[in-house]
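Participant: Structure, please.
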Amino acid sequence: MYERELITQLRQWSEKTPHKPLVIRGARQVGKSTLVREFGREFDVFIEVNLELSDDAAIFQGTDNVQEIWQYLCLQNHAVSDPNKRMLLFIDEIQEEPLAVGLLRYFYEKMPWLYVITAGSRLQSLLKKHVSFPVARVEYLNLRPFSFMEYLNAVEGKEWVELLKSVSVPSVMHDKMISHFNRYALIGGMPEAVADYAEHHDIEHLSPVFNSLLKGYNEDVERYAKNEEQVRIIRHILETAWFSAAEAITFANFGNSSYTSTQIHEAMDCLERAYILSLDYPVTSSDIPAIPSMRRSPKLIMVDSGVTNFATGIQIEYLQNKDLLDTWRGRAAEQIVAQELRILLDKNYKEKQFYWVRDKKGTNAEIDFVWQTPTQMIPIEVKAGTNSHLRSLHSYVNSASHLVTAVRFWSGEFSVQDVTTPAPDNRPYRLINIPFYYIGQLQDILKLQVLI
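Facilitator: Residues are numbered from 1 along each chain as shown. The predicted structure follows:
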């Protein structure tokens, strides 16, 4: 078991008084159950039930008395219930028994000393049954595929991770760290793939892992599609969407289909709630708050770069190119940057990621991502080359009503430049060039460079 960063937030949750039941959301096979079991080692008593098992589900069908349920579980597990001890109940695959969802509020109200965590890879299937988690009675955390920091810890160890955390990678190690990031972008962050690679260091050895993940996504379709027609549409998306990763898409006829915009949009919403993909809409203003333009095309981001690379057959291209920005016409870099930023958004309890487009006829200026701070919007480009190639960024700076601080993620070393846009505008702005391996430290870097 490789330590996940989310365990820090689990510990913070457990220190709260009172602590509401916690719902951990995420795609299948991102390690939700493994994470909770590891966290359970920090408690005096840890009891797990899996509601995919009929015997465990029956416990929540026979009574709505949570004290009786807990007493029964303690007897079954040879444990003694003691409010003075730290006791954790883990309800896995809770979507399989809607009655258990309704009981969460009573665990919180009648047994506030008991820690309760739930998880499930198909929580969105509850919508079909018109079941929702008790409002204001639960908390949520999202678990994503491994971040680069978690990957690096798995393949190299904590000493390398400390260099990232302290933003102190020496120049002599830059190329090696970029090489690690490129390999991470190729493998992705699915726990089984990372563990396999850490042991075998063989890309071909991962093919069965990725193939199993893709088949698992397909097998889950019936569980959350609302009807047979939507099953077919979702299956079509799962076959074709990987090829549109990191691209702005249109819903109508997606993937060369005859499906309507509404049909594709509704099916993608299902997959978004399953954390298999995300639809990132653009903003057209440089001012906060970020307000997405829902009439414009969203950018499609898939759950994991490793699965995407396998599904699209571009793994060889990674191995042939030295620079990640040269792979898949730059989309490989955008996909993995989006994954890393998504983890940062989760830490800040933000659900949506955005990019920027110029709201002016006759222009196609587009910024890959924007990051909102309490005081300003930070445009983020994923680009190589000289500053003269940052035409979209210059358009953003020239149209902004304030002095802009911008970020460029690239394969080069860290640097900060105070520059101006080309004539005739000559608008000054600050450009922070951040190597890919520091994406997870974006907020720390911004705190040092701008007032946020």
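Participant: Show me what the lowest-mean-pLDDT helix or strand in the chain is packed against.
Facilitator: Scoring the helices and strands of the chain by mean pLDDT, DSSP states H and E places helix 221-224 at the bottom, with a mean of 85. Applying 3 or more C-beta pairs under 8 Å, 6 or more residues apart in numbering; DSSP states H and E, one finds that helix 221-224 contacts helix 228-240. In this view, the C-beta of every residue, glycine as well, is placed from N, C-alpha and C.
Participant: repeat that with 10 Å
Facilitator: If you count contacts as 3 or more C-beta pairs under 10 Å, 6 or more residues apart in numbering; DSSP states H and E, helix 221-224 packs onto helix 228-240, helix 261-273.
Participant: list the contacts for residue 90?
Facilitator: Listed by C-beta atoms under 10 Å, 6 or more residues apart in numbering, the contact set of residue 90 reads 22, 24, 32-33, 36-37, 39-40, 43, 46-50, 115-119.
Participant: The helix or strand containing it: partners in the sheet, and parallel or antiparallel?
Facilitator: Following DSSP states H and E, one finds residue 90 within strand 87-92. Each strand paired with strand 87-92, and its direction, by DSSP bridges: strand 45-50 (parallel), strand 115-119 (parallel).
Participant: Out of those, indicate the one that is most buried.
Facilitator: Across these, the average number of neighbours (mean count of other C-beta atoms under 10 Å) peaks for strand 115-119, which reaches a mean of 24.
Participant: And whatever helix or strand comes next after it, what does it pack against?
Facilitator: Counting by DSSP H and E, the next helix or strand C-terminal to strand 115-119 is strand 139-142. On a contact count with 3+ C-beta pairs under 10 Å, 6+ apart, strand 139-142 meets helix 6-14, strand 22-25, helix 32-40, strand 115-119, helix 331-347.
Participant: pLDDT on strand 139-142, on average?
Facilitator: On average, the pLDDT along strand 139-142 is 96.
Participant: Centre of the chain to it, how far?
Facilitator: The chain centroid and the centroid of strand 139-142 are separated by 12 Å under C-alpha atoms, centre = their mean, to the nearest Å.
Participant: Show me where the stretch 351-452 of the chain has its strands.
Facilitator: 354-357, 366-372, 377-382, 404-410, 415-420, 428-435 (DSSP state E, counting those that start in this stretch).
Participant: Those: which one's closest to residue 105?
Facilitator: Ranking the strands of the stretch 351-452 of the chain by proximity to residue 105 (C-beta to C-beta) places strand 366-372 first, at 33.0 Å.
Participant: now the angle between strand 377-382 and that closest one, please.
Facilitator: Interaxial angle, strand 366-372 versus strand 377-382 (axes from the mean of the first three to the mean of the last three C-alpha atoms, to 10 degrees): 140 degrees.
Participant: and residue 262, how many neighbours?
Facilitator: Using other C-beta atoms under 10 Å, residue 262 has 10 neighbouring residues.
Participant: give the contact list for it.
Facilitator: Residues near residue 262 by C-beta under 10 Å, 6+ apart: 251, 252.
Participant: and it, how far is that from residue 251?
Facilitator: Residue 262 sits 8 Å away from residue 251, going by C-beta to C-beta, to the nearest Å.
Participant: what bits of the stretch 1-150 of the chain have low per-residue confidence?
Facilitator: When residues are selected by pLDDT under 70, those of the stretch 1-150 of the chain lie in 1, 127-128.
Participant: follow-up on the earlier one: for residue 70, find the nearest of the helices and strands packed on helix 221-224.
Facilitator: Among these, the nearest to residue 70 by C-beta to C-beta is helix 261-273 (30.1 Å).
Participant: Can you name the next helix or strand after that closest one?
Facilitator: Remark: after helix 261-273, the chain's next helix or strand is strand 277-280, criterion DSSP H and E.
Participant: Looking at residue 362 now. What's its pLDDT?
Facilitator: 68.
Participant: now the strands of the stretch 351-452 of the chain in CSV, with mean neighbour count, distance to residue 64 and mean pLDDT?
Facilitator: Listed next are the strands of the stretch 351-452 of the chain as CSV, based on neighbours: other C-beta atoms under 10 Å; distance: least, C-beta to C-beta, whole Å; pLDDT from 0 to 100:
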stretch, mean neighbour count, distance to residue 64, mean pLDDT
strand 354-357, 22, 43, 98
strand 366-372, 21, 43, 97
strand 377-382, 24, 48, 97
strand 404-410, 23, 51, 97
strand 415-420, 12, 59, 96
strand 428-435, 19, 52, 97
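Participant: My guess is residue 352 contacts residue 280. True?
Facilitator: Yes. Using C-beta atoms under 10 Å, residue 352 is in contact with residue 280, at 7.3 Å.
Participant: Which of the two has more residues huddled nearby?
Facilitator: The residue with more neighbours, out of residue 352 and residue 280, is residue 280; 20 against 13, by other C-beta under 10 Å.
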